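# need the 3D shape of this:
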Amino acid sequence: MATSELSCQVSEQDCERREAFWAEWKDLTLSTRPEEGCSLHEEDAQRRETYHRQGRCQALVQRSPWLVMRMGILGRGLQEYQLPYQRMLPLPIFTPAKVGSTKEEHEDTPIQLQELLALEAALGGQCVDRQDVAEITKQLPPVVPVSKPGALCRTLSRSTSQEAQRG
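Sure, this is the predicted structure:
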């Protein structure tokens with residue numbers, strides 16, 4: 001499978017505003033692939049000859065920095081897709097307080113969080129709906145032990161109608 005790629009580079013510089021922009025992306029990819037449903041295979045038993053031919057097509061993928069992707073087979077038109085926006089860097093989960101600041105400079109704990117912390121302290125780590133293990137196991141169905149080790153394998157391998165026919 002042969003592949004050709006074309007990449008683009010764009011750069012701008014504004015000396016008055018002291019700004020610069022530079023971007024590079026893979027713009028065009030042209031690859032040769034076997035075409036589905038387009039193959040020929042012949043065999044001649046008398047002459048002991050075989051002939052096989054597989055059709056080929058050129059797939060084209062074009063990308064742009066505006067999140068537009070065009071895909072298709074060369075000569076048959078391209079389908080355009082608008083890609084969803086995705087940030088390059090992940091969003092920060094939290095923003096830390098000022099590094100090296102004292103406790104007086106930190107913001108106060110929100111009221112909802114203070115109430116939750118007070119409730120946890122009042123419970124003392126105890127669960128209100130706590131049950132003993134014995135109470136939980138009473139609710140479970142009883143465990144039935146298998147009398148013979150081979151009995152379980154036999155019942156799984158034969159159906160009950162086969163068992164009744166054999167006696």
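# after the longest helix seen in the chain, next one along is what?
Longest helix of the chain, by residue count under DSSP state H: helix 111-123. From helix 111-123 onward toward the C-terminus, using DSSP states H and E, the following helix or strand is helix 133-139.
# only the buried residues of that next one, if you could.
By neighbour count on 16 or more other C-beta atoms under 10 Å, the buried set for helix 133-139 is empty. C-beta: built from backbone N, CA, C; applies to glycine.
# check which helices and strands it sits against.
Other helices and strands packing on helix 133-139, by 3 or more C-beta pairs under 8 Å, 6 or more residues apart in numbering; DSSP states H and E, are absent; none qualifies.
# avg pLDDT for it?
Per-residue pLDDT values across helix 133-139 average out to 80.
# residue 63 against residue 8, yeah?
No - with contacts defined as C-beta atoms under 8 Å, residue 63 does not count as touching residue 8, sitting 9.4 Å away.
# neighbour count for those two, which is higher?
Per other C-beta atoms under 10 Å, whichever of residue 63 and residue 8 has more neighbours is residue 63, with 18 against 13.
# so where's the protein uncertain?
For the chain, applying pLDDT under 70 flags the ranges 1, 86-109, 124-128, 146-167.
# how about the helices in it?
Counting by DSSP H, the chain forms helices over residues 111-123, 133-139, 149-157, 160-166, given from the N-terminal end onward.
# before we move on, the earlier item: dump the C-alpha coordinates for the longest helix of the chain into PDB.
Presented in PDB, the C-alpha positions along helix 111-123 are these (Å, rounded to 0.1, in the frame of the first residue of the first chain):
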ATOM      1  CA  ILE A 111     -20.900  26.800  54.200                       C
ATOM      2  CA  GLN A 112     -22.100  23.600  52.500                       C
ATOM      3  CA  LEU A 113     -18.700  22.000  53.000                       C
ATOM      4  CA  GLN A 114     -18.600  23.100  56.600                       C
ATOM      5  CA  GLU A 115     -22.000  21.500  57.300                       C
ATOM      6  CA  LEU A 116     -20.900  18.200  55.600                       C
ATOM      7  CA  LEU A 117     -17.700  18.200  57.700                       C
ATOM      8  CA  ALA A 118     -19.700  18.800  60.900                       C
ATOM      9  CA  LEU A 119     -22.100  15.900  60.100                       C
ATOM     10  CA  GLU A 120     -19.200  13.500  59.500                       C
ATOM     11  CA  ALA A 121     -17.600  14.600  62.800                       C
ATOM     12  CA  ALA A 122     -20.900  14.100  64.600                       C
ATOM     13  CA  LEU A 123     -21.400  10.600  63.200                       C
END
